[in-house]
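Participant: sharing a model that was predicted from the sequence below.
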Amino acid sequence: MPLLPETIRQINTRVAQAQADGHAPSLVLGVVRDGTLAHLAAAGEHPRPDADLQYRLGSISKTMTATLIMQLRDAGRLAVDDPLEKHLPDAGVGALTLRQLLGHASGIQREPEGAWWERTAGVDLGNLLAGLTADKIAYPPHATYHYSNLAYGLLGGVLERLTGLPWVDLLDERILAPLGMRRTTYAATEPFARGYVVHPWHDTLREEPRTDTGAMAPAGQLWSTIEDLGRWAAFLADPDPSVLAATTLTEMCSPVVISDLEAWTHGHGLGLELFREGDRVYVGHGGSMPGYGASLAVHRPSRTAVVGLVNSYTMRGRGLGALGRDLLTLVLDAEPAPVIPWRPAAAPPPAELAELTGRWWWMGTSIEVSADADGDLRAGPVGAPTLRFVAEGPDRWRGRAGGQDGEILTVHRDEQGRAIALDIATFVYTRTPDQEP
């Protein structure tokens, strides 16, 4: 769906202002709607950005590492509550679980030992694990949010040990190729933007090294374009089931830990950051490597996202991640999802389904039950059918949406076979408010 001209004007203006104020050599942001890149906004001349120009993703790489872990979980190869030592017995950090590592709740230290891994040649897994002992745990597990790049190096090690494949080969086979992300690569591939540190006093550029981070690659190695990053955002909004089940991605978006217990505006799921902006929650991740910044923010209910890339290590003023979330909010406020028109049903529901529709009562309160075109039951307060039940057998229905998700609805009948009550997880609804449940 194309954006309105006024929305485009505001986005372009905000991006141009952010590049100028932030002293960014080049800056590019894309708006994704309904699976496609709906708009591209670019600013800067060093180099001039376009949809196919590579930048470094940094920690957005973690979202793909987490997806690989969840693929193996769904295949029965691991459980997210497995202790790390089950898969990396030489890790030496006790019973930290994969869930805690994925959600930055393990308490393990932020960085591996030695020189700064982002700017130096990486080591192999054996060297990463050497000397990794329990004293590298900075906080008791799950006591607090503590972001850790090291955790994702270890998760990459789990993937390699379980599959026998290098992390990048696994990534190519299971994510990049199926999603058509041909310009997302392990190393920079022309055309790519050189990355810089901008001098704070005289605005000169210092080009940064482009390192192979070795065993830490699962935490931040990847290079990509705004077009490919848009494909990844579209996947996070509405996953291809051949890559990852929708229910699994929803699980990844559930909080493992909240990072600010006062305001509850930021937390972490299984590999995905969670940002609360007003009444909305965005999922995604930020990223940085020497010379680069990246942002990814997705509003899953509307299948809308904003992705961004910049080739400087920092931006003055409001950062790239905040800019991306601001623009996502702008799009959602200016262009709400179109209203789907009501259409009459082609035919009434079957008699056995129609019998269950209408008003039902429990403890003086009522719900209204209706049948939809798929043969499911919809229920909730009058005019607000937030519950959905799917048939599982004779007089047995399973909740699949709303507050009764997963619970059982059982139909009670009298001696003549007439439906006289709906038992929803032991809450018994009757046809009149005078009947006792």
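Facilitator: All right, it came through fine. Residues are numbered from 1 along each chain as shown.

Participant: hey, let's count contacts and neighbours off CA atoms from now on
Facilitator: Noted.

Participant: leaving out sequence neighbours, find the closest residue to R77.
Facilitator: Once flanking residues are discounted, R77 sits nearest to L162: 7.7 Å by Cα to Cα, 6 or more residues apart in numbering.

Participant: do the same with D395
Facilitator: Nearest to D395 is V411, by Cα to Cα, 6+ apart, at 4.9 Å.

Participant: hmm, L422 and that neighbour touching each other?
Facilitator: Yes. Applying Cα atoms under 8 Å as the test, V411 and L422 come out as touching, 4.9 Å apart.

Participant: and for the residue nearest to R77, the neighbour number?
Facilitator: By the criterion of other Cα atoms under 10 Å, L162 has 13 neighbours.

Participant: going forward, the N-terminal residue is numbered 18.
Facilitator: Understood, numbering begins at 18; the last thing we discussed is L179.

Participant: distance between the longest helix along the chain and the chain's centre?
Facilitator: With secondary structure taken from DSSP state H, the chain has its longest helix at helix 22-39. Here helix 22-39 is found 26 Å from its chain centre; the criterion is Cα atoms, centre = their mean, to the nearest Å.

Participant: what comes up buried for that helix?
Facilitator: For helix 22-39, burial by neighbour count (16 or more other Cα atoms under 10 Å) applies to 24-25, 28-29, 31-33, 35-37, 39.

Participant: can you map out the helices along the protein?
Facilitator: Using DSSP H, helices in the chain cover 22-39, 78-91, 101-104, 115-119, 142-146, 166-180, 184-188, 234-237, 243-254, 263-269, 337-351, 368-371.

Participant: in JSON lines, list those along with mean pLDDT.
Facilitator: Below are these laid out as JSON lines (pLDDT from 0 to 100):
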{"stretch": "helix 22-39", "mean pLDDT": "97"}
{"stretch": "helix 78-91", "mean pLDDT": "98"}
{"stretch": "helix 101-104", "mean pLDDT": "95"}
{"stretch": "helix 115-119", "mean pLDDT": "97"}
{"stretch": "helix 142-146", "mean pLDDT": "91"}
{"stretch": "helix 166-180", "mean pLDDT": "97"}
{"stretch": "helix 184-188", "mean pLDDT": "98"}
{"stretch": "helix 234-237", "mean pLDDT": "98"}
{"stretch": "helix 243-254", "mean pLDDT": "98"}
{"stretch": "helix 263-269", "mean pLDDT": "97"}
{"stretch": "helix 337-351", "mean pLDDT": "97"}
{"stretch": "helix 368-371", "mean pLDDT": "91"}
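
Participant: between the ones you listed, which gets nearest to T221?
Facilitator: Closest approach to T221 among the helices of the chain (Cα to Cα): helix 22-39, 13.6 Å.

Participant: which secondary structure elements does that closest one contact?
Facilitator: For helix 22-39, the elements it packs on are strand 43-50, strand 53-61, helix 337-351, judged by 3 or more Cα pairs under 8 Å, 6 or more residues apart in numbering; DSSP states H and E.

Participant: which residues does the longest one contact?
Facilitator: To tie it back to what came earlier, the one meant is helix 337-351. Helix 337-351 is contacted from outside by 24, 28, 35, 46, 48, 294, 303, 310-314, 321-327, using Cα atoms under 8 Å, 6 or more residues apart in numbering.

Participant: 6 Å instead, please
Facilitator: Under the contact criterion Cα atoms under 6 Å, 6 or more residues apart in numbering, helix 337-351 has outside partners 312, 323.

Participant: quick one: buried residues of that helix?
Facilitator: 337-338, 340-346, 348.

Participant: could I get the CA-only coordinates of that helix as CSV?
Facilitator: Written as CSV, here are the backbone C-alpha positions of helix 337-351 (Å, rounded to 0.1, in the frame of the first residue of the first chain):
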residue,chain,number,x,y,z
LEU,A,337,18.8,6.1,14.6
GLY,A,338,16.7,3.6,16.7
ALA,A,339,14.6,6.4,18.2
LEU,A,340,14.2,8.0,14.8
GLY,A,341,13.0,4.8,13.3
ARG,A,342,10.4,4.3,16.1
ASP,A,343,9.3,7.9,15.7
LEU,A,344,8.7,7.5,12.0
LEU,A,345,6.9,4.2,12.6
THR,A,346,4.6,6.0,15.0
LEU,A,347,4.1,8.8,12.4
VAL,A,348,3.1,6.3,9.7
LEU,A,349,0.7,4.4,12.0
ASP,A,350,-0.9,7.6,13.2
ALA,A,351,-1.2,9.2,9.8
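
Participant: for the residue found closest to P157 once you drop the neighbours it is linked to in the chain, what are phi and psi?
Facilitator: Of all residues not flanking P157 in the chain, G124 sits nearest, at 5.7 Å (Cα to Cα, 6+ apart). Backbone torsions for G124, taken as degrees, to the nearest 10, come to phi 80, psi 0.
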